[in-house]
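**Student:** Predicted model follows, preceded by the sequence.
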Amino acid sequence: MIETKGYAALLPGSLMNEWNFERREVGPNDVQFDILYCGVCHSDLHQIRNDWFEGIFPMVPGHEIVGRVAKVGTNVSRFKIGDLVGTGCMVDSCKECESCRDGEEQYCENGNIQTYNSINHYTDKVPTYGGYSKTIVVKDDFVLRVPENLSLPGVAPLLCAGITTYSPLKYWKVGKGHKLAVLGLGGLGHMAVKFGVAFGADVTVLSTSESKREDALKLGANNFIATNDQQQFDSVKNSFDFILDTVSANHDIAEYMGLLKTNGTHICVGLPNDPSQIPAFTLVSNRKSLAGSLLGGLNETQEMLDFCSAHDIVSDVEVIDMSYIHEAFKRMERNDVKYRFVIDMETL
Ligand code: NAP
Ligand code: ZN
């Protein structure tokens, strides 16, 4: 086994601390890489608080991971020692079901294995531990090539915030001629703005934070609406083809759906824990759709990284020390992130 250390929450909601643990030895199809940076996703906070389900503790969060290859298994030909690589939210899937065969491992019918807070029932049946740590061992299929021309801290969030917003925009073919609203300007939201603009859509940011107006426009949005100002809110009723909803807290989806045009689609990527109720009238009256999207498949994630490399797109990040994580979580809860915290793993 490989001895390593991470930052772990020992119990749900507890403060995190240094924790020594073991990674499996590098198998024939594995890649071990030393972690340089790891992004801080709102899902990390949801999971250490058991917002969604009973988690597995101790928990080492982190699924926006970039680093350099330290060792490769005997069957691995795609990577060599020293390569810049990354891993996102998944480390395994069945590879046999229809979703996997279609390159959509995130929708694996037998269950994808999350980078942390999962038990890998395909292999060693032990819990997975994430990127708030020094080194990681991942099956080579689930390792992505990281372009060398981009700023590395800004690449880490592409592995979750990036692909999670890129994938639905691609799936629904959002682009020129479409009016796209991005609901919530946080980690996912700011990447959605960048991709929406790059794909040629007319982008509006819907935000509860008036203080983010200038940033939204700098990110390339054409318009900014402070949603708690009723007049501004009403001014964009019936105006969007798509709303990409990145909100992390409970909110009234039906109310926002009033901003869609006839035939408009509200796409949820944010994952608050409330059982939302959408009145049938909201959907029926103007033939609206309510949809959702999870992460993106491996090929699509590589495509997204290559797209970012070609278009010089990275996340806007605030690089932090490992020990700042509690303050970072508090600021995340106050919507005070511009626009992704990324941990410099040297500081662990
Ligand atoms: P984040 O950086 O904290 O951003 C969330 C944003 O939501 C905030 O910045 C805020 O933007 C807005 N917001 C917060 N509370 C709100 C409220 N009560 N009403 C309206 N807006 C509110 O979080 P993130 O990392 O982007 O993650 C967002 C969500 O996506 C989380 O639930 C996360 O678990 C989920 N997620 C889903 C997937 C997937 O595959 N579907 C992948 C990753 C993450 P403003 O200040 O602009 O209002
Ligand atoms: Zn995430």
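**Tutor:** Happy to help now that I have it. Ligands and ions are numbered 1, 2, ... in the order given.
**Student:** Please enumerate the helices of the stretch 101-250 of the chain.
**Tutor:** 152-155, 161-171, 187-198, 213-218, 230-235 (DSSP state H, counting those that start in this stretch).
**Student:** Of these, which stretch is the most buried?
**Tutor:** With neighbours defined as mean count of other CB atoms under 10 Å, the helices of the stretch 101-250 of the chain peak in mean count at helix 187-198, which reaches a mean of 27. Using the backbone N, CA and C atoms, a C-beta is placed for each residue, glycine as well.
**Student:** Does it pack against any helices or strands, and if so which?
**Tutor:** Using 3 or more CB pairs under 8 Å, 6 or more residues apart in numbering; DSSP states H and E, the elements in contact with helix 187-198 are helix 161-171, strand 179-183, strand 202-207.
**Student:** ok now the first one, how far from the chain's centre?
**Tutor:** Taking CA atoms, centre = their mean, to the nearest Å, one finds helix 161-171 lying 9 Å from the centre of the chain it belongs to.
**Student:** Same list, the helices and strands packed on helix 187-198, but as CSV with distance to ligand 1 please.
**Tutor:** Shown next, in CSV, are those (distance: least, CB to the nearest ligand atom, whole Å):
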stretch, distance to ligand 1
helix 161-171, 4
strand 179-183, 7
strand 202-207, 3
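**Student:** between those, which one is nearest to ligand 2?
**Tutor:** helix 161-171 (6.4 Å; CB to the ion).
**Student:** which one in the chain is furthest away from the centre?
**Tutor:** Residue farthest from the centre of the chain, counting by CA atoms, centre = their mean, is Ser285 at 32.7 Å.
**Student:** and Asp329, how many neighbours?
**Tutor:** You called it Asp, but residue 329 is Phe. Neighbourhood size, Phe329 [other CB atoms under 10 Å]: 18.
**Student:** Would you check that it makes contact with Leu45?
**Tutor:** Yes. Using CB atoms under 8 Å, Phe329 is in contact with Leu45, at 5.3 Å.
**Student:** So which residues make contact with the top helix by length along the chain?
**Tutor:** Ranked by number of residues, the top helix in the chain under DSSP state H is helix 298-311. Helix 298-311 is touched from outside by 86, 88, 90, 103, 105, 141-142, 144-147, 149-150, 155, 158-159, 162-163, 166-167, 170, 198, 295-296, 313-314, with contacts defined as CB atoms under 8 Å, 6 or more residues apart in numbering.
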